[in-house]
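Visitor: What shape does this take:
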Amino acid sequence: MMWLLICWCFTPISAGNYDIPVDIGILYSDEDPLAEVAIKHMEVRFKLVTNYSMNPYLVNIKDIDSFTVEHIVCNMIEKGVYGIVGPTSVETNLIVQSVSEMFELPQLQTFWNPALDESNNNTQVLNLYPEPRMLGKAWATLIKEMHWKSYAVIYEDDESLIRIQEVLKLQRQDADHFPITIMKLLPGKDQSTLLKKIKAGLETHIVLACRTNRFIDILKQAEAINMLEEYRSYVLMCLDAHTLDFSCLENNQANITTFRMIATNKNSVRNVIRDWEFMEEQFQRPIKIDPETVKLSTALLHDALGSFMTTIKELSLTTPLEAKPLSCDDETKSSDGFGIAEYHKRRTHSNSSLNKPLTGTIELDSYGRRTNFKLQVIELDNGQFRQTGEWSSRDPDHIKQMMTATNSTEYLTDINIKKGVIRVAARRGEPYLMEVQNNITKKIQFEGYTVDLIDGISKILNFTYQFYLVPDDNYGSYNPETKEWNGLIKEIIDRKAQLAICDLTITYERGRAVDFSMPFMTLGISILYSKTAKKPQDLLSFMQPLSLDVWMYMATAYLVISIVIYFAARLTPREWESPHPCDDNPSELENVWSIKNTFWLTLGSIMTQGCDILPKGLSTRMIASMWWFFSLIITTSYTANLAAFLTNERMGPTIESAEDLAKQSEISYGCVEGGATATFFRDSNFSTYQRMWRTMVSAEPNVFQKSNKEGVKSVKTRKGMYAFLMESSSLEYERERDCELTQVGGWLDTKGYGIAMPINSPYRTAINEAILRLQENGTLRKLKEKWWKQMLGGGQCNETEHSADDSAAELGIDHVGGVFVVLTGGVILAFLIAIFEFLWNVRRISVVGQMTPMEALVMELKFALRVSDSKKAVAKKKVPARDVET
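Guide: Just a heads-up that it's a prediction; the model follows:
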């Protein structure tokens with residue numbers, strides 16, 4: 001800075017003989033006093049450090065009509081100028097541009113000019129303002145990078161409408177479901193009606209395209225109706241928004257974003273501003289200039305003069321240049337204007353002869369448009385703008401973020417989450433949230449899975465929270481008739497809560513109204529059903545495969561067939577045989593088919609054991625064959641029916657899947673009314689689920705439940721006649737506590753529980769990262785283990801659960817106990833018969849052996865117990881003594 005002062009003090013001596021005058025016409029219409037400071041600074045700096053002296057013909061044409069402007073421009077060219085810089089606004093440009101075209105004088109424009117396109121043949125026009133279409137692309141990219149689902153665009157006039165064309169053409173996902181609202185500012189200053197209409201439409205994102213001096217007034221009106229809350233976002237489509245004073249917005253919590261072209265945070269810009277301050281101080285006009293207050297028009301005027309003077313200086317080294325006087329009454333054109341303009345287009349102005357341009361590198365295309373430029377993305381932070389990103393025309397579809405994801409998350413957390421106590425809306429429901437009484441303070445407090453989850457997130461992000469119950473105890477469903485939400489979703493939309501958490505399912509419909517965190521629990525819809533009640537086993541259950549009538553008919557057939565065989569055997573001669581096989585001429589014949597043997601034959605047949613004697617006659621063989629056929633059919637039928645009977649008795653539910661439910665009509669089924677499960681079936685395109693939904697809606701009595709608890713109660717009380725469709729996480733919780741409940745089939749879909757928050761919530765990313773951290777360190781798994789299996793009576797059914805395969809492989813004593821009873825009874829009966837036969841034989845022996853019954857009993861009992869003897873003497877009748885003597 002000192003060298004500048006020394007050079008300035010000795011200017012008359014050191015540069016007096018070398019000044020090359022460069023006459024430039026300058027037209028400006030800006031009220032910014034810094035415009036003249038910038039022009040004067042450029043004039044002084046060129047005179048100090050070069051041998052070129054800028055002679056500006058400076059005219060402020062604000063509020064001057066076009067006829068007068070034409071006269072001023074004609075006076076300028078009559079004096080002889082190398083080019084015209086200005087005007088700084090479009091109102092009077094037409095007459096200036098016409099003169100420039102007529103006399104082929106370079107004109108440097110510094111305003112938004114959409115008329116300068118490929119169809120324009122004027123090669124003398126050089127516009128330093130960003131090319132309109134490319135600038136529109138920058139605004140569209142900004143909105144795209146903000147991931148807005150929907151937004152409202154407010155414009156002021158036709159010019160503003162042209163500026164937002166690229167924004168309106170922006171391709172968005174779900175554009176049909178999230179339309180763009182386009183509204184024009186009302187006449188006059190009062191815009192409260194328009195803003196209230198946007199607020200009533202629940203739109204939280206607003207793009208504001210109007211003159212710079214109207215932004216603050218509109219935002220004040222928005223603040224008056226609570227439209228500057230922390231969940232709202234504004235994009236100010238103006239490159240001068242950073243020069244405004246936002247300190248008047250005392251309660252602003254909204255995100256306000258815009259672009260700026262002047263990199264006020266760079267040293268090159270701040271050095272130029274300090275030079276302005278120093279120069280004004282030397283001229284006894286001390287001034288303090290905040291770089292943030294420098295308007296784009298002033299910066300572009302500064303850059304236009306610097307780049308044009310550099311062009312003249314460099315071109316004059318190879319080509320003699322002369323600013324000949326021209327007349328508006330003559331058709332004589334400038335001899336050097338075309339060459340100056342072409343050289344200026346080809347040159348990249350990254351550094352002038354003095355310093356870098358305030359608006360960055362200047363590159364123009366063949367039409368004189370500035371198509372290569374950079375813009376800073378800035379956000380309002382406590383009344384001051386902070387750079388968050390950078391857009392470049394070299395990569396127009398992306399914005400380079402200036403903060404890392406970690407720093408961005410920490411910033412959003414510090415600025416938004418730590419502002420105050422976070423209100424968390426919730427609803428009762430085990431094990432997610434329950435009310436309990438503190439044993440010490442006797443106050444009601446909350447506990448549950450969601451309380452522990454929010455507590456874990458708060459410890460990571462360092463914020464405080466407060467739970468409260470949603471008044472209507474609903475999850476959140478949309479009423480198409482009233483066009484309103486209820487439950488937790490309404491609490492978020494009405495901004496009564498910053499977060500909402502419970503077993504709240506992330507759905508497409510809810511996602512249109514609120515934002516969700518990443519899922520903290522993954523689940524699906526399942527079917528809750530009651531296990532088949534085990535009936536007490538009948539001791540003679542083995543007889544159940546056949547009815548009592550069949551058993552009676554079998555017993556009758558057994559008796560009848562045995563008797564028929566007995567009499568048939570006595571009738572047929574083939575069954576009468578010699579008692580001694582070697583005697584061909586016996587004196588008598590015998591028949592082996594006593595009534596005892598016929599009963600033995602039929603019994604052995606039906607028991608599939610056979611017999612040691614078989615019929616020989618044709619008739620008896622035919623009867624026996626028919627009985628064997630009968631026995632074969634009855635035995636195999638009994639065996640098959642017994643297997644089926646035992647299998648059916650072990651089978652659990654009579655339904656195995658949703659398809660089974662849909663096909664039958666005996667078992668009714670339902671879900672929670674107005675919940676995510678009901679929405680799934682209502683909106684499903686799958687035919688089975690559509691049929692199930694129609695069945696549930698038309699069912700009488702009503703099958704819908706108010707809560708999962710009521711659904712579980714219905715399943716338990718209606719024992720196999722009601723199935724409840726619920727989310728698998730809640731189903732698992734109930735199964736852990738009631739062993740009579742079971743899950744039928746797998747998941748019908750896949751979904752997740754998430755934390756709801758307002759759309760574009762500033763701390764959504766921070767909460768997502770906290771949930772991800774809890775998932776990675778196993779906290780989420782531990783919380784589920786705690787509240788599902790350890791707390792509130794969980795874990796009771798783990799030991800009693802068996803797989804279906806294990807169950808099918810086992811038969812308990814209850815199933816076959818009757819067979820043991822029959823076996824025991826038969827053995828006992830047979831032993832009693834054996835005792836009866838033994839006693840009858842003892843009586844016979846006592847008679848034949850002429851001994852007392854007691855003597856015969858002792859003798860026979862000793863022999864029976866003498867197990868080593870296998871042969872027994874035949875008892876013979878004793879002969880009296882007198883008979884022997886005679």
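
Visitor: which ones are touching residue 857?
Guide: Residue 857 is in contact with 839, 842, 846, counting by CB atoms under 8 Å, 6 or more residues apart in numbering. Quick note: C-beta positions are derived from backbone N, CA and C, even for glycine.

Visitor: are any of those buried, and which?
Guide: Among these, those classed as buried by 16 or more other CB atoms under 10 Å are 842, 846.

Visitor: Out of the contacts of residue 857, which sit inside helices?
Guide: 839, 842, 846 (DSSP state H).

Visitor: So which residue is dead centre in this protein?
Guide: By CA atoms, centre = their mean, the chain has its centre lying nearest to residue 506, at 5.4 Å.

Visitor: Next, that one: phi, psi?
Guide: Residue 506 adopts backbone torsions of phi -80, psi 120, taken as degrees, to the nearest 10.

Visitor: didn't it look like it was pressed against residue 755?
Guide: No. Using CB atoms under 8 Å as the test, residue 506 is too far from residue 755 to be in contact (9.6 Å).

Visitor: Mutual contacts of those two, please.
Guide: In terms of CB under 8 Å, 6+ apart, residue 506 and residue 755 are both contacted by the residues residue 516.

Visitor: State the helix or strand in which residue 637 lies.
Guide: In the assignment (DSSP states H and E), residue 637 maps to helix 618-650.

Visitor: Mean confidence (pLDDT) on that helix, please.
Guide: If you average the pLDDT over helix 618-650, you get 78.

Visitor: end-to-end on stretch 321-331?
Guide: End-to-end distance for stretch 321-331, by CA to CA, to the nearest Å: 20 Å.

Visitor: typo on my end, stretch 287-300
Guide: By CA to CA, the extent of stretch 287-300 from end to end equals 21 Å.

Visitor: And stretch 701-708, by the same measure?
Guide: 18 Å.

Visitor: Give the buried residues for that stretch.
Guide: By 16+ other CB under 10 Å, the buried positions in stretch 701-708 come out as 703-705, 708.

Visitor: any chance of those residues in CSV, with distance to residue 307 too?
Guide: As requested, those are exported to CSV (distance: CB to CB, whole Å):
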residue, distance to residue 307
703, 78
704, 74
705, 75
708, 72
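
Visitor: From those residues, which one has the minimum pLDDT?
Guide: Lowest pLDDT among the buried residues of stretch 701-708: residue 708, with 87.

Visitor: so how far is residue 677 from the closest residue to that one other than its chain neighbours?
Guide: Once flanking residues are discounted, residue 708 sits nearest to residue 730: 5.1 Å by CB to CB, 6 or more residues apart in numbering. Going from residue 730 to residue 677 by CB to CB, to the nearest Å gives 10 Å.

Visitor: Kindly report the same for residue 423.
Guide: From residue 423 across to residue 677, the span is 28 Å (CB to CB).

Visitor: Looking at these two, which has the bigger crowd around it?
Guide: Counted by other CB atoms under 10 Å, residue 423 and residue 677 do not tie: residue 677 has more neighbours, with 24 against 16.

Visitor: wouldn't the more buried one be in contact with residue 725 here?
Guide: Yes. Shown here, residue 677 and residue 725 form a contact pair, counting by CB under 8 Å, at 5.6 Å.

Visitor: Looks to me like the residue nearest to residue 708 is in a helix.
Guide: Yes. Per DSSP: H, G, I helix; E, B strand; the rest coil, residue 730 lies within a helix segment.

Visitor: where's it relative to residue 446, distance?
Guide: Counting by CB to CB, the gap from residue 730 to residue 446 is 18 Å.

Visitor: more crowded one of those two?
Guide: Per other CB under 10 Å, whichever of residue 730 and residue 446 has more neighbours is residue 730, with 23 against 18.

Visitor: For residue 516, see how far away the more buried one is.
Guide: Distance check for residue 730 against residue 516: by CB to CB, it reads 19 Å.

Visitor: Ok, residue 157 next?
Guide: 39 Å.

Visitor: Show me which of these two is the more surrounded one.
Guide: Neighbour totals were compared for residue 157 and residue 516, and residue 516 leads with 22 against 13 (other CB under 10 Å).

Visitor: Tell me the bridge partners for that one.
Guide: As for beta bridges, residue 516 partners with residue 756 under DSSP bridges.
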